[in-house]
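**Student:** give me the fold of what follows.
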Amino acid sequence: MMFRKVWWRCSVIGAFLVLTACDEKLRDVTGPTPDLQPTFSSIQSQIFQSSDSSGRRACVSCHTNQGRNPSGGLNLAVNPYEALVGVASRERPALMLVAPGDPENSYLIQKLEGLSTIGGARMPQSGPPYLTDGQILVIKRWIAIGAPNN
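**Tutor:** So this is what the prediction gives:
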């Protein structure tokens with residue numbers, strides 16, 4: 001019983017700290033996608049399915065099964081949430097594409113940032129332009145809060 005009270009208080013304090021640490025306005029950091037929010041539906045509609053004003057192509061231009069085999073076997077055109085969250089990477093099977101709560105160990109983030117740990121090319125492969133640091137920050141926030149299907 002005492003453990004539950006302590007756990008609950010720590011959870012509330014942790015949530016407060018996370019929310020207050022994220023006080024910058026997303027609109028100010030997301031560049032060519034000013035309405036991008038840390039929700040799956042926003043990321044899907046503004047990153048996966050759409051190009052942006054910087055000239056970055058939509059992810060589904062390569063990651064689709066319409067008229068082609070999806071690049072890297074990743075189809076973001078049909079059931080993208082199920083294709084990403086909790087799914088092992090083909091290039092680095094020890095890592096999940098999206099590891100809920102752990103953006104730094106999510107292979108998607110490593111591919112978007114072009115880290116030396118990735119196999120293949122930085123995404124989007126048609127870049128530059130690549131996603132901006134602000135766009136990647138929003139995706140990281142979504143993963144950090146558990147990658148909910150929202």
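**Student:** in the protein, where is pLDDT below threshold?
**Tutor:** 1-28 (pLDDT under 70).
**Student:** ok, S89 to S45 distance?
**Tutor:** Remark: distance between S89 and S45 (Cβ to Cβ, to the nearest Å) = 24 Å. Every residue, glycine included, has its C-beta placed from N, CA and C.
**Student:** who has more neighbours out of these two?
**Tutor:** S89 (21 against 14; other Cβ atoms under 10 Å).
**Student:** excluding its backbone neighbours, what's nearest that one?
**Tutor:** Y107 (4.0 Å; Cβ to Cβ, 6 or more residues apart in numbering).
**Student:** how much space separates that neighbour from G67?
**Tutor:** 26 Å.
**Student:** near the nearest residue to V29 once chain neighbours are set aside, how many other residues are there?
**Tutor:** Once flanking residues are discounted, V29 sits nearest to G134: 3.3 Å by Cβ to Cβ, 6+ apart. Applying other Cβ under 10 Å, we find 18 residues neighbouring G134.
**Student:** repeat that for the one 5 residues further on.
**Tutor:** The number of residues packed near I139 is 23, by other Cβ under 10 Å.
**Student:** show me the contacts for it.
**Tutor:** Contacts for I139 (Cβ atoms under 8 Å, 6 or more residues apart in numbering) come out as P38, I43, I47, P103, L108, I109, L112, L131.
**Student:** cool, and Q125?
**Tutor:** For Q125, the contact set (Cβ under 8 Å, 6+ apart) comprises C62, S71.
**Student:** go again with 6 Å.
**Tutor:** Neighbouring residues of Q125 by Cβ atoms under 6 Å, 6 or more residues apart in numbering: there are none.
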